[in-house]
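Trainee: Below are the sequence and a predicted model for it; my questions follow.
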Protein chains: 2
Amino acid sequence: MPQNDCADTIPGRPISGSAGLDPQNWDSTRALGHRMLDDMIDWLSTARERPVWQQMPQALRAELRQPIPAGGEPIEAIYEDFRRLILPFSSANEHPRMMGWVNGGGSPAGFLAELLTGIFNVNCGGRDHAAIELERLVIAWAAEMVGMPKATTGVLLAGSSMANMVAVLVARRAALGVQVRSAGLQQARLTAYASEAAHGCIPRALDMAGIGSNALRQIPADANHRMRLDLLTEAIAADRADGATPFLVVGTAGTVDTGAIDDLPALADIAAAENIWFHVDGAFGATAALSKRFAPLLAGIERADSLAFDFHKWAQVPYDAGCVLVRDPALHIETFAQSLAYLTQELRGLAGNPPWPRDLGPDLSREFRALKVWMTLRAYGTEGIGRVVESGCDIARHLAARIASEPSLELLAPVVLNIVCFRVAAGAADLDALNRDIVADLQEAGIAAPSTTTINGRVAIRAALFNHRTVAADADALIDGVLLLAKRRNAFSREDRLE
Amino acid sequence: MPQNDCADTIPGRPISGSAGLDPQNWDSTRALGHRMLDDMIDWLSTARERPVWQQMPQALRAELRQPIPAGGEPIEAIYEDFRRLILPFSSANEHPRMMGWVNGGGSPAGFLAELLTGIFNVNCGGRDHAAIELERLVIAWAAEMVGMPKATTGVLLAGSSMANMVAVLVARRAALGVQVRSAGLQQARLTAYASEAAHGCIPRALDMAGIGSNALRQIPADANHRMRLDLLTEAIAADRADGATPFLVVGTAGTVDTGAIDDLPALADIAAAENIWFHVDGAFGATAALSKRFAPLLAGIERADSLAFDFHKWAQVPYDAGCVLVRDPALHIETFAQSLAYLTQELRGLAGNPPWPRDLGPDLSREFRALKVWMTLRAYGTEGIGRVVESGCDIARHLAARIASEPSLELLAPVVLNIVCFRVAAGAADLDALNRDIVADLQEAGIAAPSTTTINGRVAIRAALFNHRTVAADADALIDGVLLLAKRRNAFSREDRLE
């Protein structure tokens, strides 16, 4: 059927009414919204009384799996299903004893912002409206946080995975010129450098960018899990001698396993001397800039050519709110801007106000993330978030002290910020399996939710203190739980533990 | 300062209290939330009474630009600033006379879901929790919508720009094998094919993927703005003869300028015969599958190897909620999965339940987009969203009829779905400038907000009927406004228009 005939061949429908989805009378929508708000605040404020996690039963999973519905139904009924099928089975981020991976706990200012955002429903890809101004302000605040220049550009996105990808793309453009966008990588042999402790999203960004993850030289780390500078300079020299083009040095400000912070001033010096882009992955660690006590550990971060970090981690903004900053606005824009008839930027009207966020990153449809960042930072201030950072670091030290006092436990890495890696170090032939089992046991028992990782070849119980609701007693509950569950697994005899 | 000394050299702080951000008493937070909800529903339900758009005054922009605050402040005060500085200056998505670009209007079910999501605050990168199950269900619904197989995998992301990028990466892996992820593009000369009317995010995805936008053969379109099949097969043959590797055919189901739908069955046949990945960009058009009247135009979409589309456009889910579907789950997972110690997937506990969304796309931190999609589709059903689709298409036909009846106006492209491109075709030497001015005038006057594009070299006024609140009278207001403003610009004499 030729398309230009559609208007004739597809029967018309009277358009007297509206197919609109808004109710004629908003009373029941309002009432439901008020009830949801109260219920959810009840749920959040009683998190401590619940197990940290419980698995969703298979029967409920099966019940969830319905075909796509043809007719509509009252939102009240859908909400009841949410209460029954979804709410009890959260990812545990709300809970004070969630200590696994790197997960922020959200905050009242953040969730109130999300309430506004859902109704406001602006598209932040570009154009001339207040949300774009607010995103620019939040980017300026981010640059201010870490001491980058006022002209720094940036964009909010889902998280540090894409933030690091954006940085790789800007660095690629810096190395190869803007023609890389049209011509592709061609014969270029780019090489990048990061600590072996760098996050997996760094090699994945190189993979997505077509450079390939093999181009990443994973430089061994020292005993403190920081990139070895001597091996970095050696690797760069070897690649140059081999005819490759070193284009990117990635410093990690807070490695995901242990929280180690690379020697950023030295990396900045090396990158400057070698004329290589200096990127910092500060996914959670960059937020430590808000603590006067811990900011000195980040010295050198202000020299980054680009920085990736998340507001939804230590800064407790609700998911998701990643951020990338780029020191050179022109390079940043040249990496993403396109000239498209459909998206012509004008001098006036709604199509004004360039550059747009879509000129600074990969997304054109974008929710209004800046509002929750702005409201969170204003409500608690840098001091309030700084206190959350310090509290997490203090609890980590308390945890490390408890571990040191328990003969059956062993600390596996220095505690730099808020991450503690340890293990039960006695009582089983296969300690790796034992510690993995204990972590799953802890989660299934609802006691606490640490995660695991591998430190120097040994499976570690990893506790990351990111939730602002966590107090020292929660760390004690973790240790008590580890010891109890190790005992239940007969990992050590009665003589090892009194209980 | 060596990092392993930090625990000693950074003075400890008593951790008796908590640095938590939750209030001791939730009463004022609840009260503010209730007020926000009522205010925002008032704002939304009175959208029609306001100008469609108003520019944010420079003085207010300047007032917004404060340094990052050190101390916290009451959320009530921040909300007052939101009401004064942000809310009046929206991107106009809420308004029934927003007709520019492609913007959904949101919906009550969607914004209630966002209220829940902000407090629930789960991270949907992976792990074993209900939100992951719900995302799988929503992906199954998406596949069901367009007739793709049950085993289809997919992931929600910000929008079609990244959804198309994901598809390019899976197609790249399909063509070059999984080693492309580690080895990079090397000597490969990949070529891709799309209509010249395809969206700019297609060449940008090739750019980001390192293939380069020049690898995209922009195949000329016919008079109906559909890709010319003869020129496609010629281009593929020429590239093969030249030693290149054709790897991707992109069909567009709803071009952004005119809504044209490529001949998808023919493209599927060509791609199958040539053994090339067949991707469909159905950013907004795929949603027409929910209308019995318009679904036949999408025939062939079910044969796609991958499909990109957005729930936040025609399906009225709040921003953002893009979606990519991939027919071959193994290829999809092999394009993104990584083995990382820190993210080990376990058989039980919170780290169970593979594959995770982070194995299917670029993000590891991800908000809970599935909830708003699920609640919207359940609340209105496929029939309710189908009615929104049909209403938009009907109003577009009404608009086209009005344009045909006005001698000074000219329709510039066939109306296939809900997009109408036209112009004032008389009264000025420079019709392009005149029509651009009229669009900016309409926006500044608050009458309506169409956008512009270029059709066959001529600047068009482009009206896209995506908002479910729009009725035929709004289309009339657009035409009346165009004629009035053209007259104000002395574009034509009294004889042309009676008024």
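Mentor: Noted; the coordinates are in hand. Numbering: from 1, shown residues only, chains lettered A, B, ... in the order given.
Trainee: Could I get the full set of helices for the stretch 151-300 of chain A?
Mentor: Counting by DSSP state H, counting those that start in this stretch, the segments of the stretch 151-300 of chain A that form helices are A:160-176, A:180-183, A:201-208, A:229-241, A:264-274.
Trainee: Relative to chain B, how far out is A:A425?
Mentor: Taking CB to the nearest CB, to the nearest Å as the criterion, A:A425 is separated from chain B by 18 Å. Glycine gets a C-beta too; all of them are placed from N, C-alpha and C.
Trainee: now A:S160
Mentor: Remark: distance between A:S160 and chain B (CB to the nearest CB) = 7 Å.
Trainee: And for A:A47?
Mentor: Here the criterion is CB to the nearest CB. By it, A:A47 lies 9 Å from chain B.
Trainee: Enumerate every residue touching that residue.
Mentor: Taking CB atoms under 8 Å, 6 or more residues apart in numbering or on different chains, we find A:A47 in contact with A:94-96, A:469.
Trainee: Assumed A:T452 was part of a strand.
Mentor: Yes - the secondary structure assignment for A:T452 places it in a strand, going by DSSP: H, G, I helix; E, B strand; the rest coil.
Trainee: thinking again about what came up before, show me which of the contacts of A:A47 is closest to A:E334.
Mentor: Taking CB to CB as the measure, A:E334 sits nearest to A:E94 out of those, at 41.8 Å.
Trainee: Can you tell me the element that closest one falls in?
Mentor: For A:E94, there is no enclosing helix or strand under DSSP states H and E.
Trainee: isn't it right up against A:N103?
Mentor: No - counting by CB atoms under 8 Å, no contact exists between A:E94 and A:N103, whose distance comes to 9.7 Å.
Trainee: now A:H279: how far from A:V102?
Mentor: 19 Å (CB to CB, to the nearest Å).
Trainee: what's A:G322 sitting at in phi/psi?
Mentor: Taking degrees, to the nearest 10, you get phi -80, psi 170 for the backbone angles of A:G322.
Trainee: wait, what's in contact with the residue nearest to it when sequence neighbours are not counted?
Mentor: Of all residues not flanking A:G322 in the chain, A:G159 sits nearest, at 3.8 Å (CB to CB, 6 or more residues apart in numbering or on different chains). By CB under 8 Å, 6+ apart, A:G159 lies in contact with A:283, A:310, A:312, A:320, A:322, B:125, B:363-366.
Trainee: What sits closest to the residue in chain A positioned nearest to chain B if chain neighbours are left out?
Mentor: Of all residues in chain A, A:G210 sits closest to chain B, with a separation of 1.8 Å (CB to the nearest CB). Counting by CB to CB, 6+ apart, A:G210 lies nearest to B:G210, which is 1.8 Å off, once chain neighbours are set aside.
Trainee: ok, now A:A268?
Mentor: Once flanking residues are discounted, A:A268 sits nearest to A:R303: 3.9 Å by CB to CB, 6+ apart.
Trainee: wait, the one you found sits on A:D263?
Mentor: No - contact between A:R303 and A:D263 fails when scored by CB under 8 Å: they sit 12.0 Å apart.
Trainee: if we can go back for a sec, quick one, which of A:H279 and A:V102 is more surrounded?
Mentor: Counting neighbours by other CB atoms under 10 Å in any protein chain shown for A:H279 and for A:V102 shows that A:H279 has the greater number, 31 against 26.
Trainee: OK, contacts around A:A192?
Mentor: A:A192 makes contact with A:168, A:171, A:202, A:206, A:211, A:215-217, A:246-250, according to CB under 8 Å, 6+ apart.
Trainee: which residues does it form a beta bridge with?
Mentor: Applying DSSP bridges to A:A192 yields these beta-bridge partners: A:L216, A:L248.
Trainee: list the contacts for A:I438?
Mentor: For A:I438, the contact set (CB under 8 Å, 6+ apart) comprises A:424, A:461, A:482, A:485-486, A:489.
Trainee: Which two of these have the greatest separation?
Mentor: Once CB to CB is applied, the contacts of A:I438 give A:I461 and A:R489 as the farthest pair, at 13.5 Å.
Trainee: Which positions in stretch A:232-249 come out as buried?
Mentor: Of the residues in stretch A:232-249, A:232-233, A:235-236, A:239, A:244, A:246-249 count as buried by neighbour count, 16 or more other CB atoms under 10 Å in any protein chain shown.
Trainee: Serialize those to JSON lines and add fields for distance to B:R387.
Mentor: Shown next, in JSON lines, are the buried residues of stretch A:232-249 (distance: CB to CB, whole Å):
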{"residue": "A:L232", "distance to B:R387": "61"}
{"residue": "A:T233", "distance to B:R387": "65"}
{"residue": "A:A235", "distance to B:R387": "61"}
{"residue": "A:I236", "distance to B:R387": "62"}
{"residue": "A:D239", "distance to B:R387": "60"}
{"residue": "A:A244", "distance to B:R387": "58"}
{"residue": "A:P246", "distance to B:R387": "58"}
{"residue": "A:F247", "distance to B:R387": "53"}
{"residue": "A:L248", "distance to B:R387": "51"}
{"residue": "A:V249", "distance to B:R387": "55"}
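Trainee: possible to save these as a markdown table with pLDDT and distance to B:G184?
Mentor: Rendered in a markdown table, the data for those read as follows (pLDDT from 0 to 100; distance: CB to CB, whole Å):
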| residue | pLDDT | distance to B:G184 |
| --- | --- | --- |
| A:L232 | 98 | 21 |
| A:T233 | 98 | 24 |
| A:A235 | 98 | 18 |
| A:I236 | 98 | 19 |
| A:D239 | 98 | 14 |
| A:A244 | 97 | 12 |
| A:P246 | 98 | 15 |
| A:F247 | 98 | 13 |
| A:L248 | 98 | 14 |
| A:V249 | 98 | 19 |
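Trainee: okay but A:A440 is in contact with B:R348, surely?
Mentor: Yes - contact criterion CB under 8 Å: A:A440 and B:R348 qualify, at 5.0 Å.
Trainee: Tell me which of these two has more neighbours.
Mentor: Just comparing A:A440 and B:R348: by other CB under 10 Å the higher neighbour count belongs to A:A440, 19 against 15.
Trainee: Look through chain A and tell me its longest helix.
Mentor: helix A:369-405 (DSSP state H).
Trainee: Now do the same for that one: mean pLDDT, whole number.
Mentor: pLDDT averaged over helix A:369-405 equals 98, rounded to a whole number.
Trainee: By mean pLDDT, which helix or strand of chain A comes out lowest?
Mentor: When the helices and strands of chain A are scored by mean pLDDT, DSSP states H and E, helix A:6-9 comes last with a mean of 36.
Trainee: Mind telling me what element A:L137 is part of?
Mentor: For A:L137, the host element (DSSP H and E) is helix A:130-146.
Trainee: all strands for the stretch 301-450 of chain A, in order.
Mentor: The residue ranges that make up the strands of the stretch 301-450 of chain A, judged by DSSP state E, counting those that start in this stretch, are A:306-310, A:322-326, A:409-411, A:419-424.
Trainee: Out of those, indicate the one that is most buried.
Mentor: Comparing these by mean neighbour count (mean count of other CB atoms under 10 Å in any protein chain shown), strand A:306-310 comes out on top with a mean of 31.
Trainee: and the angle from that one to helix A:130-146?
Mentor: Taking axes from the mean of the first three to the mean of the last three CA atoms, to 10 degrees, one finds that strand A:306-310 is oriented at 110 degrees with respect to helix A:130-146.
Trainee: And the residue nearest to A:G322, what's its pLDDT?
Mentor: If you check A:G159, the pLDDT there is 97.
Trainee: Quick check: phi and psi at it.
Mentor: When read as degrees, to the nearest 10, the backbone of A:G159 gives phi -170, psi -170.
Trainee: go on, A:R293?
Mentor: Taking degrees, to the nearest 10, you get phi -70, psi -40 for the backbone angles of A:R293.
Trainee: Test my guess that it contacts A:S391.
Mentor: No - A:R293 is not in contact with A:S391 according to CB under 8 Å; the separation is 11.2 Å.
Trainee: Since that was my last question, I'll sign off now.
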